[in-house]
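Q: sequence first, predicted model second:
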Amino acid sequence: MSRFPPEFLEEIKDRLPISEVVGTRVSWDKRKSNPGRGDFWACCPFHGEKTASFHCENRKGRYYCFGCQATGDHFRFLVDLDRITFPEAVEKLAAQAGLPVPRPDAATQEREKTRATLHDVMEMAAGFFEQQLQASAGARARAYLRERGVSPKAQIAFRLGYAPDSRNALKEFLAGKSATREQIEACGLVRYGDDIPVSYDYFRDRIMFPIPDSRGRFIAFGGRALSPDALAKYLNSPETELFHKGNVLYNFARARKAVAKDGTVIAVEGYMDVIALAQAGFENVVAPLGTALTENQLELLWRMTVEPVLCFDGDEAGKKAAWRAIDLAMPLLRPGRSVRFALLPQGRDPDDVVREEGPDAMRLIIDAALPLSEMLWQRETVAGSFETPEKRAGLEARLRQIAGTIGDASLRRHYAQDLAERMASRFLSPAGPPTRRRDGNRTGSAGARFGHQKMAPTQSLLNSRLVRRNAVAVPLRDAVLVATVANHPAILASHLEDFSRLQISSNAAHSLRQAILDIFAAWESEGRGGTPERMHDALAASDMLAKLDDMNRQLRENRIWQALPDAAHEDALEGWLQALALHVRANHLQRELRAAEMALAEEENEENFERLAEIRSEYARADGIEALVEGFGLPSGRPVRRF
């Protein structure tokens, strides 16, 4: 349950028009905005653009970008733009609205008071370690940092320190600062217990890396041993009231601020990698704390960006960490949320790359990061041998099992399709291997199944009127969906979101669609609707009318009259809705057909053949689909029944 009562959140929204929240981060387009109506337009702060397609409406308390579809309320705006948590956004806006944040109950207050005191103790410990690094006892630590190329400026920025080789130095220092035994123990700064007569310092003879939380307060330390005889090269603080290792990323607070500028976040393996990359100009870098990436840490990455880059060392351990990250991420994927993998050269880590080859070499590696689907395929096939049907079947079974772990049903289907296509591309020749018909006679290839000629997926689609393309223009379906709206802009009054989210393959249709959205946005800001004549004039002013003329010519040649300017609005709308439904259905059938054909190529049985025949039959029925409404065409004086 949220710590903030719903009525408190609504009070913030009532006191703060959303334009006041957004207006501090954008410049309103004075030509398109109407302050009197609480209607504002600006260039979107979430993606680069030159025309104002970002709409903010005080009456609804919402914003929406017609370009990238970003949407939300007061709090979502700060969460997404500043990469902060929801409670942090609430606290900021409450202060801006002049509202006190509701006080928690007595038990929660006491706990927060205790935590605040522990943060003070951790800050004192960090100061002690910093002092020791610069003292004579820290000479070896300074030499190590110098050898690793860590500049004095970076040492100060990350507040590096040194824990002296003493059992009591830190404990006695904190006691002298009035820290109690209970506080020192609660911070995890000493080892204690029933079997330890006298507690002693947890970190000894180590370079110290203070670990801050999302608000920059120290909650733990990481220590790098200087002695080669140390039991552990790196040692983290134990779990405490402040610190839960699996929920924290090193450098999270700094990286979150840098994401808005850099566009993504890079997760590396260790403290030194973070510092080395920061010195080279990469501010958007974090690291787990010496262990494999956890589910909570991955969620932190997604809080900053939809597709973080996971960068692993180029050794066997780094490769295994990457493989584990794949299995961690798969069940958590959602549409629009994934990860990429940056692969370092063999035996190298980020620190090596930037010191020996410079920042540009590291940037090239980051820019070339592989998508998760490609990384998964490489993991399953890079060292495998698949000469026999049994081994190929085993690979296919593993891939299906892995894709099946994805929680989102839609994304799960897309992954299964992608992996099936990779299987076909690698193991099936264009003609396919020789196979045997049901009557026992051999055919020349897998093109014949159960006595029926098998059609390649792309060919069967191209032969269907569902997706038939005009040889000299854009895909016919794209032309119908975009030109109809240009000729009949009133359709946008009730189907704006459908139009803005269309999956369009043609660059010409895509650019015309964007121009239409920009024009409609301008009309909305003026508070008056648009006619076909106004749309055509606006398209002419933006040098887009020629594209529309080409599409209209294509529609006339194909006798799709209901999309043209002289069709009645009712017929234009009905034809557009049919085209939209067929467009969505065609995309679905395309995926289904490919999957069915590949399943039959792998295993010839009655079930797979019937599935393929069923999908082809669906194509035939969809190809000859009739109008959905009796009397279609009558308003235009052209009664017909076929689309």
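A: Done, it's in.

Q: now do the contacts for L481.
A: F499, L502, I504, A509, W576, A579, L580, H583 (CB atoms under 8 Å, 6 or more residues apart in numbering). All C-beta spots, glycine's among them, are computed from the backbone N, C-alpha and C.

Q: now name the helix or strand holding it.
A: helix 476-487 (DSSP states H and E).

Q: over to D543. Which of the three states is it?
A: Secondary structure state of D543, per DSSP: H, G, I helix; E, B strand; the rest coil, is coil.

Q: what's the angle between the helix or strand that the helix holding L481 is followed by and helix 476-487?
A: Next along the chain after helix 476-487, taking DSSP H and E as the criterion, comes helix 492-500. With axes from the mean of the first three to the mean of the last three CA atoms, to 10 degrees applied, the angle from helix 492-500 to helix 476-487 works out at 150 degrees.

Q: where in the stretch 401-550 of the chain is pLDDT low?
A: Residues of the stretch 401-550 of the chain meeting the criterion pLDDT under 70: 428-473, 527-529.

Q: swap the cut-off to 50 and go again
A: Low-confidence segments of the stretch 401-550 of the chain (pLDDT under 50): 429-472.

Q: residue boundaries of the strands in it?
A: Under the criterion DSSP state E, counting those that start in this stretch, the stretch 401-550 of the chain contains strands at 448-449, 452-453.

Q: from the contacts of L481, which land in helices?
A: Of the positions in the contacts of L481, F499, A509, W576, A579, L580, H583 sit in helices, assigned by DSSP state H.

Q: need the contact list for the residue nearest to S506 when sequence neighbours are not counted.
A: Nearest non-adjacent residue to S506, counting by CB to CB, 6 or more residues apart in numbering: V474, 3.8 Å away. Counting by CB under 8 Å, 6+ apart, V474 touches S506, A508, A509, M551, Q554.

Q: most neighbours among those residues, please name it.
A: Counting neighbours by other CB atoms under 10 Å, M551 leads the contacts of V474 with 28 neighbours.

Q: what about the closest residue to H74 other than its chain neighbours, which SS state?
A: Computed as CB to CB, 6+ apart, the closest residue to H74 that is not its neighbour in sequence is V21, at 5.0 Å. With three-state DSSP as the basis, V21 sits in helix.

Q: what residues are up against V21?
A: H74, F77, L78, L93, Q96.

Q: greatest separation within the residues you listed: which pair is it?
A: Of all pairs drawn from the contacts of V21, the widest gap by CB to CB lies between F77 and Q96 and measures 12.3 Å.

Q: settle it for me: which of those two has more neighbours?
A: Just comparing F77 and Q96: by other CB under 10 Å the higher neighbour count belongs to F77, 23 against 15.

Q: looks to me like R159 is in a strand.
A: No. Judged by three-state DSSP, R159 forms no part of a strand; its state is coil.

Q: please renumber the chain so that the first residue is 3 from this point on.
A: With the count now opening at 3, the last piece we talked about shows up as R161.

Q: just give me the neighbour total for it.
A: What R161 shows, counting by other CB under 10 Å, is a neighbour count of 17.

Q: which one is it nearest to, not counting chain neighbours?
A: Sequence neighbours aside, P212 is the residue nearest to R161 in space, at 5.1 Å (criterion: CB to CB, 6+ apart).

Q: what ranges of the chain fall below the confidence cut-off?
A: 3, 431-474, 625-634, 636, 641-645.

Q: and the residue nearest the centre of it?
A: Computing the C-alpha centroid of the chain and ranking residues by CA atoms, centre = their mean puts V308 first, at 2.0 Å.

Q: tell me which element that residue is part of?
A: Going by DSSP H and E, V308 is not part of any helix or strand.

Q: for it, what are phi and psi?
A: Dihedral pair for V308: phi -80, psi -20, per degrees, to the nearest 10.

Q: ok, and the closest non-adjacent residue to it?
A: Closest to V308 by CB to CB, 6+ apart is R339, at 5.2 Å.

Q: any idea how far W325 is from that neighbour?
A: For R339, the distance to W325 (CB to CB, to the nearest Å) stands at 20 Å.

Q: please apply the same query to V288.
A: 20 Å.

Q: could you do G40 as well?
A: Counting by CB to CB, the gap from G40 to W325 is 53 Å.

Q: if we can go back for a sec, any idea how far the helix holding L483 is from the chain center?
A: Its chain's C-alpha centre and that of helix 478-489 lie 30 Å apart, by CA atoms, centre = their mean, to the nearest Å.

Q: do stretch 272-281 as well
A: 24 Å.

Q: ok, now stretch 189-206?
A: Between the centre of stretch 189-206 and the centre of its chain there are 43 Å (CA atoms, centre = their mean).

Q: buried set for it?
A: Using 16 or more other CB atoms under 10 Å as the test for burial, stretch 189-206 gives C189, G190, L191, V192, Y194, S201, D203, Y204, F205, R206.

Q: with stretch 307-324 instead?
A: 307, 309-316, 320-321, 323-324.

Q: got phi/psi on the residue lying closest to E187 once chain neighbours are set aside?
A: Using CB to CB, 6+ apart and skipping residues adjacent in sequence, the residue nearest E187 is Y194, 5.3 Å away. As for Y194, its main-chain torsions (degrees, to the nearest 10) stand at phi -150, psi 170.

Q: if we can go back for a sec, which ones among the buried residues of stretch 307-324 map onto strands?
A: V311, L312, C313, F314 (DSSP state E).
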